[in-house]
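Student: Provided below for reference: sequence and predicted model.
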Amino acid sequence: FDVRPMTSHKDSRIIATAAAGGPGLLQQVACAGGAAVIAVSFIHPIDVVKTRLQVSGGDGVRNYAELGIGGTISVVAKEEGVSAFWKGINAAWMRESSYTSLRLGLYEPIKVAFGAADKNAPFIMKFLAGSTAGAIGSLAGNPFDVLKTRMMTAEGKEPPSFAKAAGSLYKDQGLGGFYRGLEANIARAMVLNGTKMACYDQIKQTVVDSKLVPSGLPTQFMSAFGAGFFMTCTVAPFDMVRTRLMNQPPDRKIYNGAVDCVMKILGSEGPMGFYRGFVPIWMRFAPTTCLQLIIFEQLRGMIGMKGL
């Protein structure tokens, strides 16, 4: 019994939803972008604390690692004001509108293209679909990622403006400055999105099959929370390398690429140096993943699309 014609017909229907008048690729990307922008508005303060911990101890940078999470929050609030926890939020919105809208919105179409649309598809195929979507999104979002990182680490009560940060970066480093850390960012995005979407997909299917958890929001929350934990374990080292590369001084290079960065962190801080800021990363990933995927699922349902 040959099921290939049936699979091909099903896949073509999914890909061609826009042509049939139903929600299509642009709608999926728009839903993903909307979910991401809403989520980051609440999660951004955690990202600021995480980034301060990761860059601490560098040239002219306070050693936030010695202060810990609580100390970092206290010092930033006291010296820079509560609004400092939203430094770089406009760059974060731009990043989510480009990077996350593509990596979430393209997952299902790429999964179909890879032949992994069936619920029993191998985990590795779902991971590859998520990784591919992540790489595409990273290419689009890298400039905003660089600006966001620089704006979040800027100390002082006066928050840097998006235009000023972009102008300063272009003046000091040219167009290439916006793509500093690109290779590390792509690697991070591939591991992050591959883990996130494949684990969410797999955990959700397992939860649904078990029938132990009510369908809808409870299932989505449990699946997203689990995916957030596994993301933290796999992404933390890539996140550290990316942050260090993006936050280098404008007048010189500390690291000659991702490999050099890895070797220098390993030599000076040891293997655990890659997991500095692990708790804030997890504190960011868990709620971010839950908010993004739950809102994404709800928006998909509002425009008549089935769940992931």
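Tutor: Thanks, I have the structure now.
Student: contacts, neighbours, all on C-alpha from now
Tutor: OK.
Student: Can you give me the pLDDT of residue 132?
Tutor: At residue 132, the pLDDT value in this model is 96.
Student: Can you report how many residues lie near it?
Tutor: 23 (other C-alpha atoms under 10 Å).
Student: which secondary structure element contains it?
Tutor: Taking DSSP states H and E as the definition, residue 132 sits inside helix 123-153.
Student: Can you tell me which helices and strands that helix packs against?
Tutor: helix 25-55, helix 89-95, helix 101-105, helix 107-113, helix 162-173, helix 182-210, helix 217-246 (3 or more C-alpha pairs under 8 Å, 6 or more residues apart in numbering; DSSP states H and E).
Student: Pick the most deeply packed of those helices.
Tutor: helix 101-105 (a mean of 26; mean count of other C-alpha atoms under 10 Å).
Student: Residue ranges in the stretch 201-308 of the chain under the pLDDT threshold?
Tutor: 250-251 (pLDDT under 70).
Student: now the helices and strands packed on helix 123-153 in TSV, with distance to residue 68?
Tutor: Putting these into TSV (distance: least, C-alpha to C-alpha, whole Å) gives the following:
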stretch	distance to residue 68
helix 25-55	8
helix 89-95	23
helix 101-105	32
helix 107-113	36
helix 162-173	28
helix 182-210	25
helix 217-246	16
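Student: Those: which one's closest to residue 139?
Tutor: helix 182-210 (7.2 Å; C-alpha to C-alpha).
Student: so the closest one versus helix 217-246, what angle?
Tutor: Angle of helix 182-210 versus helix 217-246, following axes from the mean of the first three to the mean of the last three C-alpha atoms, to 10 degrees, is 170 degrees.
Student: and helix 182-210, what does it pack onto?
Tutor: Going by 3+ C-alpha pairs under 8 Å, 6+ apart, helix 182-210 lies up against helix 123-153, helix 217-246.
Student: Save the ones you listed as TSV, and put in distance to residue 187 too.
Tutor: Formatted as TSV, these follow (distance: least, C-alpha to C-alpha, whole Å):
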stretch	distance to residue 187
helix 123-153	8
helix 217-246	7
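Student: and of those, who's closest to residue 299?
Tutor: Taking the helices and strands packed on helix 182-210 one by one with C-alpha to C-alpha, helix 217-246 is closest: 12.8 Å.
Student: If you count contacts, what does the closest one end up packed against?
Tutor: The contact analysis (3+ C-alpha pairs under 8 Å, 6+ apart) places helix 217-246 against helix 25-55, helix 123-153, helix 182-210, helix 258-269, helix 278-302.
Student: Low-confidence bits of the stretch 51-200 of the chain, can you list those?
Tutor: Those would be 57-61, 159, if you go by pLDDT under 70 across the stretch 51-200 of the chain.
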